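Q: give the three-dimensional model of this entry:
(one chain, ligands or ions: 2)
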Amino acid sequence: MIKKLSIDERFEILKNVNSYRREYEGKLQPMERLRPDRPATFISIGGGELGDLAITAAKRHYGGINGGIKTVAFDRYHGFPAQDSADYYEVFNMMDGDMLEKYIKKYVPNPNDPHAIYLEVEMIDTERTFKLSMEEGYKVMSTPYGPLICMDRHATKIMFNMLGLERVEWAYANSEEELLRVAKDMGLPVIIKPVMTSSGHGTSIVMRESDLINAYKYAKEHARGFGDEVIIEKFLPRLKSEGTEITQIVVRHFDEEGRIVNSFLPPIEHKRPAATYHESWLPSRIEPSIGKKCKEYAAKIAEFLGGIGIYAVEQFVIGDKVYNNEVANRPHDTGMITRWMLNMDEGALQLTSTLGLPIPSIEISRRAYGVAHVVLAPQWIKGEKKVLSFNVKKMGSIKNGDLWYFGKPTAYAGRRMGLAVAFNESLEVARIEAEKIAHLAESCIEYGD
Ligand SMILES: Nc1ncnc2c1ncn2[C@@H]1O[C@H](COP(=O)(O)OP(=O)(O)OP(=O)(O)O)[C@@H](O)[C@H]1O
Ligand SMILES: [Mg+2]
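A: Ligands and ions are numbered 1, 2, ... in the order given. So this is what the prediction gives:
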């Protein structure tokens, strides 16, 4: 189990960010040449589709190990997506700090050797990677302390307050009584979330006072760390009916003068029928004035946290208001659409920026809307089932679109198995087509024992 931070510890980390940042950035350097005789090592801790996107970029853009970049991927199960694309891989429990340290040191024995460590997932021992980085000089990107803040909703909200950023009205509660009081003050509806989770686990929208206690229990049961604390937010019903959601990605990288600067990806728009990632597209339809706000907020966050690499800021847009929701210290699932729509995708940008290589100017490379839609394993699966086959004949050839099949060896209900993509001048048509490709792909995967 992960230890949850106490309120004092949260303030302590946030108070120290400035000095951590100065110390950490002082150790980073741009890379001047790629050398096959001494390749730089890129480790992806977590090798899902987002890890795969970064690992394959070493080959797509730089010629892989013979071009001067050696790739390594870790995950907790055999057959993970980045396993066969990485030059080396390890399978182990990444929550085990000793194992994590052992394998990082196996591939980067000397922290002064050129390398970058990408934390693709949150379910790892982030305290150990923090220690390895701050005490021994390992380069954990975007920063070693970022995950401690970004994984913890309470710490993230304090950061928003410190930076004076717009966010949803929020509070926290450590007991049923406190929750009842806070919810009453705030006014229903509210949304109750565990302090640490992702993909909507443990979250409930509460419309009636009589449902508050159950929502509190549910959040506690599904929380990633232990403890009694939950986060309460004012629920914005207009978000789904009139608003939209944006992921504003920022890349911190070295410029030609060797300074660390921020570059911005175009805002990615996404829709979620429920809590988890479902579809995203580029370009977004938000007004330029709103886009400017999204960027300004994201820039403040990236500038505050520092380091190099990608930050993904989740934002809610309703009318001309932008509310900052969450921050990821790494690439984001909604950003997978960048693989088809930008001259350099978010995986390649993570690899390139974190190794200290120069990045190109980031541009949309297609003159149409590109919509990505998740391909999910069916709800009827109980526990875990093997993937037996993928029927490519039934899938047929895709027109004005694409399919990225991840090749995961097993599935549980709702697991992400692939991503369908469609392109069209009309966003509405592209959304419908992407959904059709996704549903066809879902019907082509055969599961068994
Ligand atoms: N206060 C709110 N009002 C309205 N909708 C909300 C609110 N908070 C969250 N949501 C909806 O729920 C989604 C998931 O919320 P959030 O990002 O906080 O949770 P999560 O568990 O971290 O999910 P993920 O890991 O997929 O980002 C949001 O993208 C949004 O659609
Ligand atoms: Mg989120």
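Q: kindly state the pLDDT recorded for the closest residue to Leu349 other than its chain neighbours?
A: Leaving aside its sequence neighbours, Leu349 sits nearest to Val251 (Cβ to Cβ, 6 or more residues apart in numbering; 5.1 Å). Just so you know, the C-beta spots here come from the backbone N, C-alpha and C atoms, and that holds for glycine as well. In this model, Val251 is scored at 98, pLDDT.
Q: can you give me how far the helix or strand where Val251 lies is from the chain middle?
A: Assigned by DSSP states H and E, Val251 falls within strand 244-254. The chain centroid and the centroid of strand 244-254 are separated by 11 Å under Cα atoms, centre = their mean, to the nearest Å.
Q: show me what that strand is packed up against.
A: Taking 3 or more Cβ pairs under 8 Å, 6 or more residues apart in numbering; DSSP states H and E as contact, the helices and strands that strand 244-254 lies on are strand 260-264, strand 268-271, helix 288-305, strand 309-318, helix 346-354.
Q: near ligand 1 at all, it?
A: Yes: counting by Cβ under 6 Å from any ligand atom, ligand 1 is contacted by strand 244-254 at Glu245.
Q: give the pairing partners of that strand; include direction for each.
A: strand 260-264 (antiparallel), strand 268-271 (antiparallel), strand 309-318 (antiparallel) (DSSP bridges).
Q: closest to Ala54 out of the ones you listed?
A: Closest of those to Ala54 is strand 309-318, at 9.6 Å (criterion: Cβ to Cβ).
Q: put the alpha carbons of that closest one into CSV.
A: Output of strand 309-318 as CSV, limited to C-alpha atoms (Å, rounded to 0.1, in the frame of the first residue of the first chain):
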residue,chain,number,x,y,z
GLY,A,309,9.7,16.5,-20.3
ILE,A,310,6.0,16.5,-20.6
TYR,A,311,3.3,17.9,-18.3
ALA,A,312,-0.3,17.2,-19.1
VAL,A,313,-2.9,19.5,-17.5
GLU,A,314,-6.5,18.4,-17.5
GLN,A,315,-8.9,21.3,-17.7
PHE,A,316,-12.7,21.7,-17.8
VAL,A,317,-14.1,24.4,-20.1
ILE,A,318,-17.6,25.9,-19.5
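Q: list the buried residues of it.
A: 309-317 (16 or more other Cβ atoms under 10 Å).
Q: tabulate the residues you listed (CSV), appending distance to ligand 2.
A: Converted to CSV, these look like this (distance: Cβ to the ion, whole Å):
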residue, distance to ligand 2
Gly309, 19
Ile310, 16
Tyr311, 14
Ala312, 10
Val313, 10
Glu314, 5
Gln315, 10
Phe316, 10
Val317, 14
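Q: quick revisit: hey, which of the helices and strands packed on strand 244-254 is tucked in deepest?
A: Using mean count of other Cβ atoms under 10 Å, the stretch among the helices and strands packed on strand 244-254 with the greatest mean number of neighbours is helix 346-354 (a mean of 28).
Q: what residues does the helix or strand just after it touch?
A: Once the chain leaves helix 346-354, the next helix or strand it forms, by DSSP H and E, is strand 369-376. Residues outside strand 369-376 that contact it (Cβ atoms under 8 Å, 6 or more residues apart in numbering): 277-283, 336-337, 340-341, 403, 405, 414-427, 430-431, 433-435, 437-438, 441-442, 445.
Q: strands - which of the residues you listed land there?
A: Mapping the contacts of strand 369-376 onto strands (DSSP state E) picks out 279-282, 403, 405, 416-424, 445.
Q: setting aside sequence neighbours, what's the nearest residue to Arg272?
A: Nearest one to Arg272, counting by Cβ to Cβ, 6+ apart, is His278 at 5.1 Å.
Q: who in the stretch 301-449 of the chain is up against ligand 1?
A: For the stretch 301-449 of the chain, the residues in contact with ligand 1 (Cβ under 6 Å from any ligand atom) are 314, 325-326.
Q: now do the stretch 51-200 of the chain
A: Selection of the stretch 51-200 of the chain residues close to ligand 1 by Cβ under 6 Å from any ligand atom yields 168, 191, 193, 197-200.
Q: break this structure into its domains for me.
A: 31-141, 169-235, 367-449 (automatic domain parsing).
Q: weakest of those domains by average pLDDT?
A: Within the domains of the chain, confidence is poorest for domain 169-235, with a mean of 92 (mean pLDDT).
Q: that one: end-to-end distance?
A: Domain 169-235 has its terminal residues 9 Å apart, counting by Cα to Cα, to the nearest Å.
Q: again with stretch 345-359
A: Stretch 345-359: ends 11 Å apart by Cα to Cα.
Q: if we can go back for a sec, just give me the neighbour total for the residue nearest to Arg272.
A: 18 (other Cβ atoms under 10 Å).
Q: just checking, it touches Thr334?
A: No: using Cβ atoms under 8 Å, His278 is not in contact with Thr334, being 9.4 Å away.
Q: quick one: pLDDT of the residue most central in space within the chain?
A: Nearest residue to the geometric centre of the chain (Cα atoms, centre = their mean): His332, 3.2 Å. His332 carries a pLDDT value of 97.
Q: Ile249 is in contact with that one, correct?
A: Yes: counting by Cβ under 8 Å, His332 does reach Ile249; the two are 6.6 Å apart.
Q: name the residues contacting each of the two.
A: 268, 312, 346.
Q: follow-up on the earlier one: and the residues of the stretch 301-449 of the chain next to ligand 1 as JSON lines, adding distance to His61 and pLDDT?
A: Shown next, in JSON lines, are these (distance: Cβ to Cβ, whole Å; pLDDT from 0 to 100):
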{"residue": "Glu314", "distance to His61": "27", "pLDDT": "98"}
{"residue": "Asn325", "distance to His61": "31", "pLDDT": "97"}
{"residue": "Glu326", "distance to His61": "29", "pLDDT": "97"}
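Q: residues touching Pro144, list them.
A: 24, 129-130, 132-134, 138.
Q: kindly report the same for Glu25.
A: Taking Cβ under 8 Å, 6+ apart, we find Glu25 in contact with 260, 306-308.
Q: much appreciated, bye for now.
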